[in-house]
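> make a model of this:
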Amino acid sequence: MQRVMIVGQPGSGKSTLARKLGEHTGLPVVHIDTIHWLPGWVERTRDEKTRLCREVEARDRWIFEGGHSATWDNRLSRADLLIWIDRSATLRFWRVLLRTLLKHGRSRPDLPENCPERLANLPEFFRFMWRTKKSARAKMEQLVATAPSACSVVCLRSNRDTRIFLANIGSVD
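Alright, predicted model coming up:
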């Protein structure tokens, strides 16, 4: 296992799993939010995000978590493991609320500096999550269905699934 692609909707646990998997394997972790955002919540252009994703995807070793679905096909063709974290909308909304409250005024480790969690952004983000919950899940189902035979696929639907998965991962040689 040298290249791991992790997908899931907001609040599913992608960043947390990527960090834990990185600790277990020693693989470098890349969070899409560090590509999507510049400091101060400034969004990069689509072309810039695509370029940066392609640079990461070209590397020999990575754990790459998150979106920018425009590059998913390339990322999937390079990955030897695809992990889909498929969690309920209720749990995901709760987790986003909780992380916003707990990290309020501070940047999360999977974001650039000067991107503090803000309660004011929460209603807009919840609307985005609600609007895209079915379409995003359908995209991920399609991604899993089109994974090449050389790419293993793991679907994690519970905390128990995740614990078992991590317990069965060894170090990468």
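> in the helix ranked longest in the chain, what counts as buried?
When the chain is scanned for its longest helix (criterion: DSSP state H), the result is helix 122-145. Within helix 122-145, the residues that qualify as buried by neighbour count (16 or more other C-beta atoms under 10 Å) are 125, 129, 133, 136, 139, 140, 143, 144. Glycine gets a C-beta too; all of them are placed from N, C-alpha and C.
> and what of stretch 63-74?
For stretch 63-74, a neighbour-count test (16+ other C-beta under 10 Å) marks 63, 64, 65, 66, 67, 68, 71, 72 as buried.
> check contacts around the fifth one.
Pointing back at residue 67 there. 7, 32, 36 (C-beta atoms under 8 Å, 6 or more residues apart in numbering).
> neighbours around residue 6, how many?
Using other C-beta atoms under 10 Å, residue 6 is surrounded by 26 other residues.
> can you check residue 50 too?
Residues near residue 50, counting by other C-beta under 10 Å, number 16.
> buried sites along the helix or strand encompassing it?
Taking DSSP states H and E as the definition, residue 50 sits inside helix 46-57. Buried positions in helix 46-57, judged by neighbour count with 16+ other C-beta under 10 Å: 49, 50, 52, 53, 56, 57.
> what is the nearest of those to residue 21?
Proximity of those to residue 21 was ranked by C-beta to C-beta; the top entry is residue 56 with 15.7 Å.
> the closest one touches residue 66, doesn't it?
No. Counting by C-beta atoms under 8 Å, residue 56 does not reach residue 66; the two are 10.8 Å apart.
> end-to-end on stretch 136-154?
Chord length of stretch 136-154, first to last residue, is 18 Å (C-alpha to C-alpha, to the nearest Å).
> average model confidence for that stretch?
Mean per-residue pLDDT for stretch 136-154: 95.
> do stretch 76-91 as well
Averaged over stretch 76-91, pLDDT sits at 96.
> now it: buried residues?
Judged by neighbour count using 16+ other C-beta under 10 Å, the buried positions of stretch 76-91 are 76, 78, 79, 81, 82, 83, 84, 85, 86, 87.
> kindly reformat those as TSV containing distance to residue 103 and secondary structure.
Below are the buried residues of stretch 76-91 laid out as TSV (distance: C-beta to C-beta, whole Å; DSSP: H, G, I helix; E, B strand; the rest coil):
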residue	distance to residue 103	secondary structure
76	31	helix
78	32	helix
79	29	coil
81	29	strand
82	28	strand
83	24	strand
84	25	strand
85	20	strand
86	24	coil
87	19	coil
